[in-house]
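Peer 1: No sequence on hand, only this structure:
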């Protein structure tokens, strides 16, 4: 592990402590140089699906997450990413209907919370990303970040859960549509509910390629393990949040090229195995405070696309979950 700061070093100014943890189901791999200087996420071959209908009276989309053994999660907020074709960035998506299943609803899962009548949306904002077919400067699909209240779900014990989501049709625009995670990793398994047929089916590309996809969503919750979350658009001002550490320890936030395996060979954490690889670089060294907190700073273009992990000094040293690419 190189003890070198990035060229655009983070100014480690104290920030307010934050509560909660975040499960990240994947990103959109946004690239620079998109519509009006924004970022873009492009259709990924061999799939021919740029987005999936999520209109409540037609189709519902669903994707899963797993609460690990010996943990209990209490959901707080869900962030899901949607667009409406030709809708301007300032046009909000104002509805979200949620059902939560324990187990896959296609194979005997049990509905445990929610309904398709109560609007759980809090607000939506422009994500700074456009969904495109094959050109970076397409401006038709401004992806909105939809914040959804899920605090009513209650504690979830260890196990697999499926989030079913839908939204209202906007008479002025096509959609809303849910865009996939980019890039795929070969483990995609999202499903959809056909309201007319009253049946669940797998999401599979219609061009015969067999391509499947997941959806980028973030679930904030309390409970769980050492985590780090990155908020903001890269390049630019970003926030790094953490929770679940021992108090008053030295902590490093690290960037690396990808998920993998790297063993630290020097220093107080020598012998600790990281879950990232590709010359991990220290972005900041900070105190863990009382076990939760955040820092913010300017991030350069060279960091975009990196994965992030944190580690704090202990006996043995402890690593966080991995997030990104940012």
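Peer 2: Structure's in. What do you need? All of these numbers come straight from a predicted model, not from anything done at the bench.
Peer 1: what's next to whichever strand or helix holds residue 253, contact-wise?
Peer 2: Per DSSP states H and E: residue 253 is located in strand 250-256. Applying Cβ atoms under 8 Å, 6 or more residues apart in numbering, the external contacts of strand 250-256 come out as 1, 6, 10, 228, 240, 242, 245, 262, 268, 274, 276-288, 295, 303, 306-313. Every C-beta, even on glycine, is put in place using the N, C-alpha and C of the backbone.
Peer 1: Mind checking which of these are in strands?
Peer 2: If you go by DSSP state E, the contacts of strand 250-256 have 228, 240, 242, 262, 274, 276-277, 281-287, 295, 307-312 in strands.
Peer 1: So what sits opposite residue 100 in the bridge?
Peer 2: Under the criterion DSSP bridges, residue 100 forms beta bridges with residue 113, residue 163.
Peer 1: is it true that it touches residue 165?
Peer 2: No - when contacts are counted by Cβ atoms under 8 Å, residue 100 is not listed as touching residue 165 (10.0 Å).
Peer 1: Neighbour count: these two, which is higher?
Peer 2: residue 165 (26 against 23; other Cβ atoms under 10 Å).
Peer 1: give me phi/psi at the more buried one?
Peer 2: Torsion angles at residue 165 (phi, psi; degrees, to the nearest 10) stand at phi -140, psi 140.
Peer 1: Please determine how far it is located from residue 63.
Peer 2: Separation of residue 165 from residue 63 (Cβ to Cβ, to the nearest Å) stands at 8 Å.
Peer 1: go on, residue 158?
Peer 2: 19 Å.
Peer 1: who's more crowded, these two?
Peer 2: residue 63 (24 against 12).
Peer 1: Going by secondary structure, that one is in what exactly?
Peer 2: Element membership for residue 63 (DSSP H and E) is strand 59-67.
Peer 1: Now do the strands in the stretch 51-200 of the chain.
Peer 2: 52-53, 59-67, 74-85, 97-102, 110-115, 121-132, 142-149, 159-166, 174-178, 191-194, 199-202 (DSSP state E, counting those that start in this stretch).
Peer 1: Relative to residue 326, which of those strands is closest?
Peer 2: Nearest to residue 326, of all those, is strand 121-132, at 12.4 Å by Cβ to Cβ.
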